[in-house]
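In: what's the 3D shape of this:
(one chain, ligands or ions: 1)
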Amino acid sequence: MKKRVFSGVQPSGSLTIGNYLGAIRNFARLQYEADCYFCVVNLHALTVPQDPEELKKNTLDVARLFVACGIDPNVSAIFVQSQVPAHAELSWLLECQGYIGELKRMTQFKDKAKKRENVSVGLFTYPVLMAADILLYNTDLVPVGEDQKQHLELARDLALRVNNRFREEVFKVPEPYIPPKNSGGRIMSLQNPAEKMSKSAENPKSYIALLDPPEVIQKKIMSAVTDSEAVIRYDEEAKPAVSNLMVIYSLFSGKTMEEITRLYAGKGYGQFKKDLAELTVETLKPIQQKVAELSAPGAIEEILKKGAEKAEETAAEKLRLCQDKLGVLRF
Ligand code: TYM
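Out: Reported below is the predicted structural model:
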């Protein structure tokens with residue numbers, strides 16, 4: 001039996017190379033060995049204020065990027081979360097199994113709540129909806145970046161809690177699939193290596209968006225912070241900014257850290273950054289071309305309809321099982 005893979009990406013801005021290297025690149029790799037579901041989680045995006053038209057546009061853009069990054073819609077199900085109502089329905093059932101205490105411990109909630117005056121209830125219960133996403137599909141593996149680890153633990157805890165209560169496997173307990181930090185699990189901001197690269201960051205110089213034009217990529221990389229040592233070597237503790245650029249270089253070129261260090265011995269940061277910019281532009285070029293091709297009216301919608309039909313079938317079965325277990329009447 002093939003393993004089942006599920007993952008989601010929020011349409012809350014333009015996707016970055018952090019999203020690509022931490023998660024989406026692995027989606028494409030896993031699809032030939034597993035049965036995959038990849039979801040644009042637009043309901044999660046509503047946990048903070050969104051411009052409605054922008055959100056609709058971003059939702060389709062993320063789906064286009066999935067395909068452009070190599071996810072084959074004939075192999076994997078690509079769909080939008082709101083098109084499969086079972087996500088929201090299971091989320092409610094799971095909210096009634098979750099504890100306020102465990103949600104209060106979520107570091108991402110604490111960070112995001114700190115930054116805003118009004119914190120929506122949805123932002124607080126966000127990880128439960130994420131658990132519903134995953135548990136609906138009997139998921140074995142969830143490819144994500146390191147920042148999602150705690151959310152995944154909650155999904156596992158909720159699954160185990162329900163299974164223990166009913167003394168049977170109502171939910172498959174999912175495993176995380178997270179690359180190590182030096183392989184993309186946590187790509188850092190180009191302006192502050194203590195913060196992760198984020199698509200919703202205020203300063204666009206802190207991230208490279210997958211759809212950034214070549215000149216913009218060049219500018220952003222040339223103005224990335226480094227340090228005063230002018231030596232290219234990998235040391236996360238002492239040289240976090242340069243190490244982060246080296247991770248990106250390594251993943252885009254296939255070269256090891258040692259090879260990169262040797263290549264730039266005595267050359268300084270200017271040349272390294274110039275080459276990294278070129279490498280990034282070249283890597284993103286085919287993705288950007290594919291996105292443009294998918295912009296024909298109706299093209300992506302067709303893919304998403306097909307994906308939602310497949311997802312709906314799998315999800316409905318799990319939702320029914322859970323409703324029956326909890327005593328939710330349906331006839
Ligand atoms: P989101 O939309 O913030 O990010 C999408 C994916 O990209 C990864 N990621 C990163 N990886 C490495 N370095 C970075 N700087 C970086 N930034 C983001 C994220 O870890 C994620 O894998 N809660 C999720 C969406 C979600 C989900 C799910 C994921 C909803 N339901 C079910 C998996 C399964 C999120 O906000 O990801």
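In: Please make it C-alpha for all contacts and neighbour counts, starting now.
Out: Noted.
In: Mind giving me the packing neighbours of the lowest-mean-pLDDT helix or strand in the chain?
Out: Least confident helix or strand of the chain, by mean pLDDT, DSSP states H and E, is helix 107-114 with a mean of 94. With contacts defined as 3 or more C-alpha pairs under 8 Å, 6 or more residues apart in numbering; DSSP states H and E, helix 107-114 has no helix or strand neighbours.
In: List of residues touching it?
Out: Helix 107-114 is contacted by residues 104, 119, 123-124, 150 when judged by C-alpha atoms under 8 Å, 6 or more residues apart in numbering.
In: mind running it again at 7 Å?
Out: Contacts of helix 107-114 with the rest of the structure, by C-alpha atoms under 7 Å, 6 or more residues apart in numbering, involve 119, 123-124.
In: Now it - C-alpha only, PDB.
Out: Output of helix 107-114 as PDB, limited to C-alpha atoms (Å, rounded to 0.1, in the frame of the first residue of the first chain):
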ATOM      1  CA  THR A 107       4.300  29.400  19.800                       C
ATOM      2  CA  GLN A 108       3.000  30.600  16.500                       C
ATOM      3  CA  PHE A 109      -0.200  31.700  18.000                       C
ATOM      4  CA  LYS A 110       1.700  33.500  20.800                       C
ATOM      5  CA  ASP A 111       3.900  35.300  18.200                       C
ATOM      6  CA  LYS A 112       1.100  36.300  15.900                       C
ATOM      7  CA  ALA A 113      -1.200  37.400  18.700                       C
ATOM      8  CA  LYS A 114       1.500  39.600  20.100                       C
END
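In: Could I get the buried residue list for the very next helix or strand once past that helix?
Out: Next helix or strand after helix 107-114 toward the C-terminus (DSSP states H and E): helix 121-135. Within helix 121-135, the residues that count as buried by 16 or more other C-alpha atoms under 10 Å are 122-135.
In: quick one, helix 121-135 and helix 107-114 angle?
Out: 160 degrees (axes from the mean of the first three to the mean of the last three C-alpha atoms, to 10 degrees).
In: Please see if helix 121-135 touches the ligand.
Out: Yes - remark: helix 121-135 sits within contact range of the ligand at 130, 133-134, by C-alpha under 6 Å from any ligand atom.
In: right, and the helix or strand after that helix?
Out: Downstream of helix 121-135, the next assigned helix or strand under DSSP H and E is strand 141-143.
In: which stretches of this structure aren't confidently modelled?
Out: Low-confidence regions of the chain, defined here as pLDDT under 70, do not occur.
In: Return the residues of it in contact with the ligand.
Out: Neighbours of the ligand within the chain, by C-alpha under 6 Å from any ligand atom: 7-10, 18-19, 22-23, 41, 130, 133-134, 142, 144-148, 184-188, 196-198.
In: which of those residues are buried?
Out: Among those, the ones that count as buried by 16+ other C-alpha under 10 Å are 7-10, 18-19, 22-23, 41, 130, 133-134, 142, 144-146, 148, 184-188, 196-198.
In: And for Lys325, the neighbour number?
Out: A count of nearby residues for Lys325, using other C-alpha atoms under 10 Å, gives 13.
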